[in-house]
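1. Requesting a structural model of the entry that follows:
(chains A, B and C)
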Amino acid sequence: MDSIIYLLSGIAEVLTPFNLMIVIIGSLLGTLVGVLPGLGPTSAIAILLPLTTILDPSQGIIMMAGIYYGAMYGGSTTAILMNIPGESSSVPATLDGYPLAKQGRGGAALGIAAIGSFIAGILGLIGLVLFAPILADQALKFGPPEYFVLMLMALLILFNISGYSFIKSLIMGAFGFLLSFVGIGLSSGVPRFEYGITVLSGGIEMISIIIGLFAVTEVLKGMEENRKRIKQEKIKKVFPTRQDMKDSKLPILRGSLLGFFLGILPGFSATITSFLSYDMEKKVSKHPEKFGNGAIEGVAGPESANNATSSGGFIPLLSLGIPSSPPLAVLLAAFMIYGLTPGPVLFEQHGEFVWTVIASMFIGNIILLVLNLPLVGLWAKLTEVPFGILGPVILMISILGAYSVRNSMFDCFVAILFGVLGYLFHKFNWPIIPLILCLVLGPKMETSFIQSLEISAGNLLIFVERPISLTLLIISAAVLVVSLILMKRTKKRIIQETGENQDLS
Amino acid sequence: MKLLLKCVHKSGAIVTILIGMLSVVEARKLYPYGMNLLTGDHAFPGLIGILLIIAGVFLLFSKGNSNDNQPLPKGKVKYSMIFTIIVLLLYCYVMEYVGYLISTFLAIICLMQLIGKYRLVFSAFTAALFTAGLYYLFIVLLKTPLPSGYFHF
Amino acid sequence: MRKYVRILFVNLLLISIFLVGCASTNSTNKNSAENYPDRQIELVVPFAAGGGVDLTARAVADYISKEWGQPIVVVNKTGGGGIVGAQYALKEAKADGYTVLMNNNSSTTMYEAGTTNPVLTTKDHKLAARVAESPLVYAVRADAPWDNLKDFSNWVKENPAELTWASVGPAGFSSFGVAEWLDYIGVDYKQTKMVSSEGASDSGAKVAGGHVILAVHNAGEVYSLVEAGKLKVLAVQGNERSPLYPDVPTTEELGFDGLTVKWWTGISLPKDTPDEIVRKWDKTIAKMQDDAEFINQLEKIFLQPAYLNATDFAEEVEAETDWYMTLGENTGIRK
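-> From the prediction side, this is the model:
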């Protein structure tokens, strides 16, 4: 009950002109990066982190959250109009969205996608409001051993979904850990891996690594592909017909619920849930033969599911501090720059902040719906910005963004180096997602490990002796098995549908 | 071609093992600061190092997947990519001396020549526009203390 | 053909930029101390944005830029427990008064006392003035069986091995606070269990959840958790009650004499800075302590104004370093 009162005061806070502007800018920027090829939410959030220096914590996080869910909306636009899934979670949207666009009903498909995303987003947020505080309250009981077990299992599950060979994922994850070790050690206060170089004793800034691996690499890839303009289908009417709405009602609801409940658990990415939802709709449908040739249900279900999953992802992020996907990992880094540690104490110490951010997501979703339906045409136009201009601008923003996090030129060189490395990783099929997740979670995991053993005086049994920790181990093992099975299935489906191996994020 | 694939695969494995050893060496160096074998700042570097060595050895003796390697770009594309990286590195290096304005303007022109292949006049015009735009964003709005070089403006 | 012209052009451009970069014409920018400051000043904060030192620095920057009519930019250079930023401001930047450091115990006295080969010592600082302080408080879980520090000390004396306490860095504020207190009540520091934490909110959560028994921080850092009813404060260090916890007794009231560890933040300049510039900072900060807006700002971030002039500040820092050295040697904090 308290939650609703807090939420209302949060909404009041968001509705002040300046905050409202921040929400609008954030969601528009998000849609923009979702639409533009070569920029995803992960790199966009990373590049925009310097904003944190002028904005208050709540405004900064509001904007970045806006970019995150805005990008989910934007991704479906290119998927439907041009058959280019911006992210792997938009693959199902291309299956029926593009055929619909070819039939001249692209507008209706986009409309349904926007409405479905909106409803799913709102349902996911309601779940967030109900569950997060309860979880946060319980989470105080989670001590260092529990956190360690939780993160270890989350990582194992996430490795498994990256869609590459497990051994390569493991190596890249370990490499991410190593990068996070550079700098002053937590328990000894002695610099590690610094080899007498002063800059290194300050650690390697994870934001520069992320900017390098995502933004710089993406530009290099773009140069190689020599991106050409892609013919897109005309949009006629944006608003779906009454029949479309009637057909999509249930798929949206089913997709949202499925996406949300799986989204709470680490290891179920938006890609898994959107594929599951697509297949589920096909199974329940009375006309399964229509799927693949322009069935509106095939757009409504998966689009709702992936949005619900992304709202659901905020629950473990805010209440436990565990990100379930790369963009959320960068968002976690943003929290840390502000000196805010997501987790049980966040709700106690910065309650007003948390509720303002949650309220902003409600408003942001409404803004996206209101603005995006009429702006669909404009967004489609933007995809025509030539790469020759976009590329240099992305590179410059990346360099300056990397500089401004710590005001250090060293960080720019790191970003460039990782841009090149990222390109080579891409070429030789080494997955970068485990690297990013371990880079962000590495310090937290090491902290929990050291703390656990300091409490137990070096006894490893502490991880299985405590009831919560033991329960978590058992549950995680079960989840790991289920996600392994689902993952195999999703991978097979992607290969079936697109004929290639994709990063699942 | 097959040989090259094998080389890349093997060298990846060898680099992994080397990095793992580096980490183990560092862990040994840190060991005296820790409390016991598993508690302290040396524990994770040690564990991760061992993990890397084991994984690297595994990789060394496993067969590479032939899908794993896409051909690297050749010719013009290759050179323009290498030049792009060089421009970026020089940009960071030079900015400390000549300041943000000049270096950014020149860097954008170079990058537009390399990536977009526009006419020089158009590139210069766009570069001026974006230099001003980024100046406003990073220096005026974000108050980033970017180097101003020898010329104070 | 055009292709080659283009590549040639790019190369030429690159070379010319490079040459400009190398031709480091040391423009003689003689800023005599008399008309200081005549351009923007960088106030370096070696800690993350949003912390006590950072917020104080922002309040100082607001006031002084109005007073002097030149912009003062707060720059956060984090990492290495404050040493990276301090080194940048004191050793790498020019000693011309345009790069100034906002320091704190953990990057000065505690660092020096806790490290056998410190890369930065008090001798590298020219201390200008102390700006603000905050007392140390002892916090335990809200439903813990002890009502004040006395009961708690008695329990610790009987069960030293049971005590777990959260530190922030092995030679940080919490470690020296706990070491001094344990030394006073005669308990061996090495018998107790130190649990490393990432900062006040991390250690606060560990104590509130019952995983660690004691957290020692400055008064403002645990305030929100005490307000939320998750923690309680056993004592406030010193002889003056804290306005944040008017009902909590001080250590002096409870009969602990001579516990001195407290949190402070102040202004440092590189050691070769002209004296007039240091004096100018000192004078302006002295004046700032009477500014209602500044005091108000400090209250909002739960700190107390605590001006000390350059000489007194330097003396105090020296005394503190000596005392922490002794503590560090006795307890094994010094490594």
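
2. before we move on, which element is residue 67 in?
-> Chain wasn't specified; assuming chain A. Using DSSP states H and E, residue A:67 sits within helix A:57-82.

3. my bad, chain C
-> According to DSSP H and E, residue C:67 maps onto helix C:52-68.

4. What is the helix holding residue A:67 packed up against?
-> Under the contact criterion of 3 or more C-beta pairs under 8 Å, 6 or more residues apart in numbering or on different chains; DSSP states H and E, helix A:57-82 touches helix A:17-35, helix A:41-48, helix A:91-102, helix A:106-139, helix A:297-312, helix A:326-337, helix A:351-382. Using the backbone N, CA and C atoms, a C-beta is placed for each residue, glycine as well.

5. most packed of the ones you listed?
-> Neighbour counts (mean count of other C-beta atoms under 10 Å in any protein chain shown) averaged over each of those peak at helix A:297-312, with a mean of 33.

6. Extract the CA atoms of that helix and return them as CSV.
-> Coordinates of each C-alpha in helix A:297-312 appear next as CSV, following Å, rounded to 0.1, in the frame of the first residue of the first chain:
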residue,chain,number,x,y,z
GLU,A,297,-0.7,-11.7,-33.6
GLY,A,298,2.9,-12.6,-34.5
VAL,A,299,3.9,-9.0,-34.0
ALA,A,300,1.8,-8.3,-31.0
GLY,A,301,2.9,-11.2,-28.8
PRO,A,302,6.7,-11.1,-29.1
GLU,A,303,6.9,-7.3,-29.0
SER,A,304,4.9,-7.3,-25.8
ALA,A,305,7.0,-10.1,-24.4
ASN,A,306,10.3,-8.4,-25.0
ASN,A,307,9.2,-5.1,-23.5
ALA,A,308,7.8,-6.9,-20.4
THR,A,309,11.1,-8.7,-20.0
SER,A,310,13.0,-5.5,-20.1
SER,A,311,10.7,-3.9,-17.4
GLY,A,312,11.0,-7.1,-15.4
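
7. If you count contacts, what does it end up packed against?
-> helix A:57-82, helix A:91-102, helix A:106-139, helix A:242-264, helix A:270-284.

8. mind redoing it with 10 Å?
-> Counting contacts by 3 or more C-beta pairs under 10 Å, 6 or more residues apart in numbering or on different chains; DSSP states H and E, helix A:297-312 is packed against helix A:57-82, helix A:91-102, helix A:106-139, helix A:242-264, helix A:270-284, helix A:351-382.

9. Same list (those helices) but as TSV, adding distance to residue B:15 and mean pLDDT.
-> Listed next are those as TSV, based on distance: least, C-beta to C-beta, whole Å; pLDDT from 0 to 100:
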stretch	distance to residue B:15	mean pLDDT
helix A:57-82	34	83
helix A:91-102	33	83
helix A:106-139	40	83
helix A:242-264	36	86
helix A:270-284	30	82
helix A:351-382	41	83
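
10. Just send these back as JSON lines, with distance to residue B:17 too.
-> Output for those, formatted as JSON lines (distance: least, C-beta to C-beta, whole Å):
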{"stretch": "helix A:57-82", "distance to residue B:17": "38"}
{"stretch": "helix A:91-102", "distance to residue B:17": "37"}
{"stretch": "helix A:106-139", "distance to residue B:17": "39"}
{"stretch": "helix A:242-264", "distance to residue B:17": "38"}
{"stretch": "helix A:270-284", "distance to residue B:17": "33"}
{"stretch": "helix A:351-382", "distance to residue B:17": "44"}
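
11. buried ones in the helix or strand where residue C:294 lies?
-> Using DSSP H and E, residue C:294 falls within helix C:292-300. Across helix C:292-300, burial judged by 16 or more other C-beta atoms under 10 Å in any protein chain shown covers C:294, C:297-298.

12. Now the helix or strand just after it: average pLDDT?
-> Toward the C-terminal end, the helix or strand that comes next after helix C:292-300 (DSSP H and E) is strand C:304-308. Mean per-residue pLDDT for strand C:304-308: 90.

13. Sheet partners, orientation included, of strand C:304-308?
-> Applying DSSP bridges, strand C:304-308 is found paired with strand C:125-141 (antiparallel).

14. for the strand it pairs with, the distance to its chain's centre please.
-> Strand C:125-141 sits 7 Å away from the centroid of its parent chain (C-alpha atoms, centre = their mean, to the nearest Å).

15. that's a strand at residue C:48, yeah?
-> No. Residue C:48: not assigned to a strand; according to DSSP: H, G, I helix; E, B strand; the rest coil it is coil.

16. Show me which residues of the stretch 151-300 of chain A are close to chain B?
-> Residues of the stretch 151-300 of chain A lying near chain B by C-beta under 10 Å from any C-beta of the partner chain: A:164-178, A:180-182, A:184-195, A:216, A:219-226.

17. Of those, which count as buried by neighbour count?
-> A:164-165, A:167-178, A:180-182, A:184-194, A:216, A:219-224.

18. So residue C:39 sits against residue C:73, correct?
-> No. Taking contacts as C-beta atoms under 10 Å, residue C:39 lies outside contact range of residue C:73: 11.0 Å.

19. closest point of chain C to chain A, which residue?
-> With C-beta to the nearest C-beta as the measure, residue C:79 is the residue of chain C nearest to chain A, at 2.7 Å.

20. for residue C:215, helix, strand, or coil?
-> With three-state DSSP as the basis, residue C:215 sits in strand.

21. Off-centre distance for stretch B:139-151?
-> A distance of 24 Å separates the centroid of the chain from that of stretch B:139-151, by C-alpha atoms, centre = their mean.

22. Repeat that for stretch C:326-335.
-> Counting by C-alpha atoms, centre = their mean, stretch C:326-335 comes out at 20 Å from the chain centroid.
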